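# quick one: sequence plus predicted model below, questions after.
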There are 2 protein chains.
Amino acid sequence: MRQSQLFTKTQKNAPKDEMSVNAQFLIRGGFINKELAGVYSFLPLGFRVMKKIEQVIREEMDAIGGQEIFMPSLQPKDNWEKTGRWSAMDDLYKLKDAGNREFALGPTHEEIVVPLVKKHIQSHKDIPFAVYQIQNKFRMELRAKSGLLRGREFLMKDLYSFHANEKDLDAYYEKAKTAYWKIFERAGLKEKTYFTFASGGTFSRYSHEFQTLSEAGEDTIYICEKCKNAVNKEIKHETPKCPVCGENKFKEEKAIEVGNIFKLMDKFAKPFDLKVTDSDGREKNLIMGCYGIGLSRLAGTIVEVHHDEKGIVWPESVAPFKVHLIEVKSQKSKVKSEAEKLYEGLLNNGIEVLYDDRDESSAGEKFADADLIGIPWRVVVSEKSVAAGGAEIKKRSENKKEIIAINKLVDYLSKK
Amino acid sequence: MRQSQLFTKTQKNAPKDEMSVNAQFLIRGGFINKELAGVYSFLPLGFRVMKKIEQVIREEMDAIGGQEIFMPSLQPKDNWEKTGRWSAMDDLYKLKDAGNREFALGPTHEEIVVPLVKKHIQSHKDIPFAVYQIQNKFRMELRAKSGLLRGREFLMKDLYSFHANEKDLDAYYEKAKTAYWKIFERAGLKEKTYFTFASGGTFSRYSHEFQTLSEAGEDTIYICEKCKNAVNKEIKHETPKCPVCGENKFKEEKAIEVGNIFKLMDKFAKPFDLKVTDSDGREKNLIMGCYGIGLSRLAGTIVEVHHDEKGIVWPESVAPFKVHLIEVKSQKSKVKSEAEKLYEGLLNNGIEVLYDDRDESSAGEKFADADLIGIPWRVVVSEKSVAAGGAEIKKRSENKKEIIAINKLVDYLSKK
């Protein structure tokens, strides 16, 4: 894409009401726009990042047999009363119809997915299976001050699995855990992410969270010095020893909860009477697991983890483009023609490229924008580079610069 | 995908509270689930259809330079008061925060996109441009009785274009019109769709709708017998002659509004003071166009237009799969092995296939399901077909059946 066509502009200064690093860089770079505290629009660059994250998550959910669906945000009050959460959930947005009928604005979808599944499942032969969606969620957050880390409206992947017995749930739970690790690895977060034991509510001993170390995190976790699993502060007093290895030496850290998985058992099957006939002809409640990842929070976390003082340093898997091609304005027409040629070459070879072809911007402004936006490969075509026989190439994450012949660059980048 | 894995089941009978053909077939086929009047979940088959429609629309919007973004549903009351629509719009869902702050649940996004654009646009050099999104919308519909044709929550593409003057808006409006025709052609609706003049509100003489003929339609249009443009009933009394050719002979028809395009002029630029400095240094309001297509309504319309008494007949462009492969249960192991071989062959060649490998279903049940679900190509592997040297192939839209050798089928279907 030509940067001269991109309707967003970068901003030199961070907005005053945004304290978080992720919101500052994402707003300055033109990735997002703040509409309300905890409510953001995704602009073209931010939208591309979200689509990349979505694709990573979709591939890993499909790989564990997840069937993708799309459920609505407007949810009937009846369903929420059945599970007791209409009154129990403080952060539920409620609204009324013209006829004064009430709805919830979905923060999660157990109240929808369970009655839906009930219409399609009759026998034990129909299970196990799992469904998921990538969909906007709503939560009445009072402290939405962390950019994309805590939203009133946020994009989330929620997967629900259905099983005949605990053994089967346990096996799928492990599969989902592995899929989550793949997602965090692909998103560049695995190294800083810890598998964390958290509260299981009234129906399961523990739930599990994936916690990414960051000073911006609102959670405190205790990492076992021996086995590197962690315990959330909320259950630390009742879990003095590591639930995995029994060790009792921990390191306290601040962290962002980037995913959580939960054995729901029959908590939601019961109120909706979701049963199947097993092979002996007996009816029994299904048991469920649920598995969440916030896509917008994940994007914010990536920025918190991958940035320097100049801007974002996107991992290539989720970067809005692979290459940022910069034409440094020159009197010599060769600079423009070489840059244009390279742009066409990259496009023709399917390499995603943002081409800074803006006439009115100085080299310094373009370099500063490139650092702020954080695309992995910066390629500069200037009088100097052309005189040296090519274009200057630099990784956003490294300082090393190199001149590569323009006719070899496409091939070079294709292999990276 | 293996049908034995698909968690949804077809239903023999249509739900009693659904009068519309689209909802009946889509629910019976397991494409959608009704949550509330006008609120549906998209199940795996329906989700696939929506993704196909989304891709068609995205490609055509990208082709006219649309920059894709994603705006939120929660919108500040302030913005809606500025445009006067907080009180003027009857079907606006409103909700409150814990602190009693009020929000609208977006039925459209002018109130968000205009202030957003204002932060990025300074000079006449920054225009024209267009942004679009594919996003859930909310409308407090009191008569949501037409399945996907009228939703309280529905998926919509909305594009907004920004211009310095009317001439530029007019030129883009024509481009968008052409893109819309391409979309309706690709969705199999062009033949029955008419360009229709409708009310332009207070700021433009006309808006324009794309109306698809259908008995299920809630609109009445008058098609000019000479030039085949149409006029919506709502302006018929003030438009006795065709606004295109001046003829006054019309044919009255029922139709579904599948798209509409609107010259907003400065209606929304004004309240938000969206101005640019033109080349003479003078400030002037931008003018805008907006361009909508409801994706869920489009899916419903396709079903209304493309079905027979047995079920849906999807156009290939938006079908959930290209091929429905049916294995007719047999004592001979060759039938299963040939069907499996064919399934692998289709998958390996990137042909989307739903493979009915269910052991418990009879041939008759499988054929009835295939007709209901409406995938374009039905391929049957049975004792009879294997004895005849291959598989039986049939188009959903035709009666003709043909036996083709199994080792030639993948190639045959690749070329279709």
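Now that the structure is in, tell me what you want to look at. Numbering: from 1, shown residues only, chains lettered A, B, ... in the order given.
# okay, domains of chain A per the record?
As given by automatic domain parsing, the domain ranges for chain A are A:21-308, A:321-414.
# B:Leu346: which of those is closest?
Among those, the nearest to B:Leu346 by C-beta to C-beta is domain A:21-308 (17.7 Å). C-beta: built from backbone N, CA, C; applies to glycine.
# quick one: terminal-to-terminal distance for the closest one?
Distance across domain A:21-308, first residue to last, is 10 Å (C-alpha to C-alpha, to the nearest Å).
# now that domain: mean pLDDT?
Here domain A:21-308 scores 95 as its mean pLDDT.
# try stretch A:320-329
Mean predicted lDDT for stretch A:320-329 stands at 97.
# so does it get close to chain B?
No - contact of stretch A:320-329 with chain B (C-beta under 8 Å from any C-beta of the partner chain) is absent, the minimum separation being 11.7 Å.
# that stretch spans what distance, first to last residue?
24 Å.
# circling back to that earlier point, tell me the most buried of the domains of chain A?
domain A:21-308 (a mean of 19; mean count of other C-beta atoms under 10 Å in any protein chain shown).
# for the residue nearest to A:Tyr222 when sequence neighbours are not counted, give the beta-bridge partners.
Nearest in space to A:Tyr222, with sequence neighbours left out and distances taken as C-beta to C-beta, 6 or more residues apart in numbering or on different chains, is A:Phe250 at 3.7 Å. According to DSSP bridges, the partner residues bridging A:Phe250 are A:Cys224.
# from A:Glu234, how far out is A:Phe250?
Counting by C-beta to C-beta, to the nearest Å, the separation of A:Phe250 from A:Glu234 is 14 Å.
# and for A:Gly106?
24 Å.
# which outside residues touch stretch A:140-150?
By C-beta atoms under 8 Å, 6 or more residues apart in numbering or on different chains, the residues outside stretch A:140-150 that reach it are A:18-24, A:26, A:32, A:37-40, A:90-93, A:151-152, A:154, A:216-218, A:256, A:296-297, A:299-301, A:303-304, B:97-99.
# make it 6 Å
Stretch A:140-150 has contacts (C-beta atoms under 6 Å, 6 or more residues apart in numbering or on different chains) with A:20, A:22-23, A:37-38, A:91, A:93, A:152, A:296-297, A:299-300, B:98.
# for it, measure first residue to last.
End-to-end distance (C-alpha to C-alpha), stretch A:140-150: 11 Å.
# over to stretch A:131-150?
So stretch A:131-150: terminal residues 25 Å apart, C-alpha to C-alpha.
# one more: stretch A:186-199?
Start-to-end, stretch A:186-199 (C-alpha to C-alpha) is 27 Å.
# again, but for stretch A:376-394
9 Å.
# which residues sit against that stretch?
So stretch A:376-394 is contacted by A:316, A:319, A:323-328, A:330, A:332, A:334-335, A:338-339, A:370, A:396, A:401-406, A:409 (C-beta under 6 Å, 6+ apart).
# out of these, which sit inside strands?
A:323-327, A:401-404 (DSSP state E).
# ok, the residues you listed vs A:Pro44, which is closest?
A:His324 (14.3 Å).
# got a list of what the residue lying closest to the closest one once chain neighbours are set aside touches?
Of all residues not flanking A:His324 in the chain, A:Ile375 sits nearest, at 3.9 Å (C-beta to C-beta, 6+ apart). Listed by C-beta under 6 Å, 6+ apart, the contact set of A:Ile375 reads A:319, A:321, A:324.
# same check, this time on A:Ile64
Counted by C-beta under 6 Å, 6+ apart, A:Ile64 has contacts A:175, A:179.
# same for the host helix or strand of A:Phe25, what does it pack against?
With secondary structure defined by DSSP states H and E, A:Phe25 is part of helix A:21-28. In terms of contacts (3 or more C-beta pairs under 6 Å, 6 or more residues apart in numbering or on different chains; DSSP states H and E), helix A:21-28 is packed against helix A:295-305.
# repeat that with 10 Å
strand A:32-36, strand A:39-42, helix A:44-63, helix A:295-305, strand A:307-308, strand A:311-312, helix A:363-373 (3 or more C-beta pairs under 10 Å, 6 or more residues apart in numbering or on different chains; DSSP states H and E).
# just how off-centre is the fifth one within its chain?
So that's strand A:307-308. With C-alpha atoms, centre = their mean, to the nearest Å as the basis, strand A:307-308 stands 18 Å off its chain's centre.
# show residues contacting that strand.
A:21-22, A:24-25, A:313-314, A:371-372, A:374, A:396-397 (C-beta atoms under 10 Å, 6 or more residues apart in numbering or on different chains).
# mind listing the strands it pairs with, and their directions?
strand A:311-312 (antiparallel).
# and the strand it pairs with, what's its mean pLDDT?
Rounded mean pLDDT across strand A:311-312 is 98.
# and the contacts of it?
The contact list for strand A:311-312, computed with C-beta under 10 Å, 6+ apart, reads A:10, A:21-22, A:24-26, A:28-29, A:31, A:45, A:49, A:302-303, A:306, A:319-320, A:368-375, A:396.
# cool, stretch A:407-416 as well?
Under C-beta under 10 Å, 6+ apart, the answer for stretch A:407-416 is A:316, A:322-323, A:325, A:338, A:341-342, A:344-351, A:353, A:376-377, A:379, A:381, A:390-391, A:393, A:395, A:402, A:404-405.
# and A:Glu166, how close does it get to A:Ile287?
Distance of A:Glu166 to A:Ile287, given as C-beta to C-beta: 7 Å.
# which neighbours do these two share?
In contact with both A:Glu166 and A:Ile287: A:263, A:265, using C-beta under 10 Å, 6+ apart.
# can you put the contacts of stretch A:140-150 in a markdown table and add distance to A:Pro128?
Formatted as a markdown table, the contacts of stretch A:140-150 follow (distance: C-beta to C-beta, whole Å):
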| residue | distance to A:Pro128 |
| --- | --- |
| A:Ser20 | 40 |
| A:Asn22 | 37 |
| A:Ala23 | 40 |
| A:Ala37 | 40 |
| A:Gly38 | 36 |
| A:Asp91 | 31 |
| A:Tyr93 | 32 |
| A:Arg152 | 34 |
| A:Ser296 | 30 |
| A:Arg297 | 28 |
| A:Ala299 | 31 |
| A:Gly300 | 33 |
| B:Ala98 | 39 |
